[in-house]
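1. Got a predicted structure plus its sequence, pasted below:
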Amino acid sequence: MIHWLQHTTGGLLTLAAVSIAVLLVLIIKLKLEPFIALIVVGLLTALAAGLPVGTIVGSAQKASDSLLEKGFGSILGHITAIIGLGTILGSILERSGGAKVLTSALLRSFGEKRAPLAMGVAGFVFGIPVFFDIGIFVLAPLVYVAAKQGGKSLVLYAMPLLAGLSITHAFLPPHPGPVAAAGLLHVELGWIILMGLACGIPAFLIGGVLYSTWIGKRITVEVPEDMVFAEEEGEREENPPSLGLVAAIIAVPLVLILAGTFGSIWLPKGSALAGVAAFIGTPAVALTVAVLLASWLLGLRRGFTGKDLNELAAKSLRPVAMILLVVGAGAFFGAVLSATGIGKAVADSLHDAGLPVLLAAYVISCGMRIAQGSATVAIVTTSGIVAPTVAQLGYSQIQLALLVMAISAGSIIASHVNDGGFWIVSRYFNLTVPQTLKSWTALETVLSLSGFGVSALLMAVV
């Protein structure tokens, strides 16, 4: 029995299925923190597969070569600075009033009839540097005002905004899910940005424009009077930054990262220009430049002190710790799957069954999302599961980026009661649970299917 479990394809696949089932039970039923659950399941899977204890955890004298430390260290060394800097950038943009400047300008440009589309574009653009929930907290008051002025259902204005925020959260750096997947699958972030836009924009148009318009006309929700009053009578930014400045600061890291990615392809290797492009295009460097610019142009030059910026950074970074722990533990779990041979067994089985890896990754990600609620956990866990399989397929960078998009698309499907975002949407936009299921849950599913559909089409032609 032990030999069958540890050395046959059937046994290894059984071990993989049991380990994932145990992981879900720990997270869903026992409410264990995902990063602890991932460590526990990773350790148990490694032991059940017969890996030596020294390989798993090292020894008292040396643990640096162990799966535990290498699993955590390999991914955290890649993403920690990116996620931290991206978080600080988003907090400066939010505190300076940049979000309101951006949204107000879009509302004026699109006009009252296209105000829902303006909210969607605002969510898409502002969602690049800020987390999903922060985007809701900052932009929701502007949705209330737009809906009140338009005299239509709050759903018509809220859903496009949520679509934009959700797409950027799942598909684009510096958000933790796509950044972690890029690290686990060894994809350059420049390709993630390009494929994220290629898959995310069509999904946004289908879900955030077409579906949101359709459902917004069928669910009538009034804007609570106290919410509008709070926005109109509350404290306003006396000297807001210009729209051009806000847009430029958001664009800086994306442009620099893309310059690094394509500079390595188009510029002569070993040339000074290639070296410059590689340096400024390194994601951590690009985001450092953006944070410094934002600190000066949106902070110090507009009355912030150094102490204010330090306090802002410290406050914004507190929620990041748990994200990093989950990502590190997911990488360890993936390293265990690779070392045990489970990854190769999965690859062989997919090949024998004729099931494309892209579809398998999407289905696994969907299952993880529906089961435990977190998009980031779904992306990290799925990437760890498929990474050993993908390593044997010789995928190009663009194919790997599309695989990340499929995983990301799966991570946002069917948000329901086990997802914190479900309750944020319900409470902030005055929706009952049935209304939230009909609007938000359905919207997430449309975005997921659309994003995966585009990634599958692109994978077929590259």
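-> Cool, got the structure.
2. only C-alpha atoms for contact and neighbour calcs from this point on.
-> Will do.
3. mind checking the SS state of Leu402?
-> Secondary structure state of Leu402, per DSSP: H, G, I helix; E, B strand; the rest coil, is helix.
4. tally of neighbours for the closest residue to it other than its chain neighbours?
-> Of all residues not flanking Leu402 in the chain, Ser455 sits nearest, at 5.6 Å (C-alpha to C-alpha, 6 or more residues apart in numbering). Using other C-alpha atoms under 10 Å, Ser455 has 26 other residues around it.
5. so what's Ser455 up against?
-> The contact partners of Ser455, by C-alpha atoms under 8 Å, 6 or more residues apart in numbering, come to Cys199, Leu402, Leu403, Met405, Ala406.
6. Let me know how buried the third one is, in neighbour terms.
-> As a burial measure, the neighbour count of Leu403 was computed by other C-alpha under 10 Å and equals 30.
7. again with the second one
-> The local packing of Leu402 (other C-alpha under 10 Å) involves 28 other residues.
8. so what pLDDT did it get?
-> Leu402 is assigned 98 on the pLDDT scale.
9. Please apply the same query to the fourth one.
-> Model confidence at Met405, expressed as pLDDT, equals 98.
10. That one: what's it in contact with?
-> Per C-alpha under 8 Å, 6+ apart, neighbours of Met405: Phe171, Ile192, Met195, Gly196, Cys199, Gly451, Phe452, Ser455.
11. follow-up on the earlier one: return the member of the contacts of Ser455 nearest to Gly50.
-> Gly50 lies nearest to Leu403 out of these, by C-alpha to C-alpha, at 30.6 Å.
12. show me what contacts the closest one?
-> Going by C-alpha under 8 Å, 6+ apart, Leu403 touches Leu358, Ala361, Ser455.
13. In helices, which of those appear?
-> Counted as lying in helices by DSSP state H, out of the contacts of Leu403, are Leu358, Ala361, Ser455.
14. ok, the contacts of Met405 vs Phe304, which is closest?
-> Nearest to Phe304, judged by C-alpha to C-alpha, of the contacts of Met405 is Phe171 at 32.4 Å.
15. From the structure, what's the count of residues near the spatially closest residue to that closest one that is not a sequence neighbour?
-> Distance criterion C-alpha to C-alpha, 6+ apart; nearest residue to Phe171, sequence neighbours excluded, is Gly196 at 4.9 Å. Counted with other C-alpha under 10 Å, the neighbours of Gly196 add up to 26.
16. host element of Gly196?
-> Using DSSP states H and E, Gly196 sits in helix 189-203.
17. Against which helices or strands is the one helix or strand Thr55 maps to packed?
-> Assigning secondary structure by DSSP H and E places Thr55 in helix 53-57. If contacts are counted by 3 or more C-alpha pairs under 8 Å, 6 or more residues apart in numbering; DSSP states H and E, helix 53-57 sits against helix 34-48, helix 67-95.
18. try 10 Å
-> For helix 53-57, the elements it packs on are helix 34-48, helix 67-95, helix 320-340, judged by 3 or more C-alpha pairs under 10 Å, 6 or more residues apart in numbering; DSSP states H and E.
19. quick one: the helices in the stretch 251-400 of the chain?
-> Counting by DSSP state H, counting those that start in this stretch, the stretch 251-400 of the chain has helices at residues 272-280, 283-294, 306-317, 320-340, 342-353, 357-372, 375-390, 397-410.
20. now the angle between helix 375-390 and the fourth one, please.
-> Between the axis of helix 320-340 and that of helix 375-390 there is an angle of 20 degrees, by axes from the mean of the first three to the mean of the last three C-alpha atoms, to 10 degrees.
21. other SSEs contacting helix 320-340?
-> If contacts are counted by 3+ C-alpha pairs under 10 Å, 6+ apart, helix 320-340 sits against helix 9-24, helix 34-48, helix 53-57, helix 67-95, helix 176-185, helix 342-353, helix 375-390.
22. 8 Å instead, please
-> helix 34-48, helix 67-95, helix 176-185, helix 375-390.
23. Can you show me the CA trace of the last one as CSV?
-> Read that as helix 375-390. Extracted in CSV, the C-alpha atoms of helix 375-390 (Å, rounded to 0.1, in the frame of the first residue of the first chain):
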residue,chain,number,x,y,z
ALA,A,375,-9.0,34.8,-4.8
THR,A,376,-5.4,35.2,-3.7
VAL,A,377,-5.4,31.8,-2.0
ALA,A,378,-7.0,30.2,-5.1
ILE,A,379,-4.3,31.7,-7.4
VAL,A,380,-1.4,30.8,-5.1
THR,A,381,-2.6,27.3,-4.4
THR,A,382,-3.5,26.5,-8.0
SER,A,383,-0.1,27.9,-9.3
GLY,A,384,1.7,25.7,-6.8
ILE,A,385,-0.3,22.7,-7.9
VAL,A,386,0.3,23.1,-11.6
ALA,A,387,3.9,24.5,-11.5
PRO,A,388,5.6,21.1,-11.5
THR,A,389,3.4,20.0,-14.4
VAL,A,390,4.1,23.2,-16.4
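24. Report the contact partners of Leu107.
-> Arg114, Ala115, Ala118, Met119.
25. Tell me the backbone dihedrals of Pro174, please.
-> Main-chain dihedrals, Pro174, degrees, to the nearest 10: phi -90, psi 30.
26. when you give positions from now on, start the count at 12
-> OK, 12 is where the count begins now, so the last one is Pro185.
27. contacting residues for it?
-> Residues near Pro185 by C-alpha under 8 Å, 6+ apart: Ile93, Ile94, Gly97, Ile139, Pro140.
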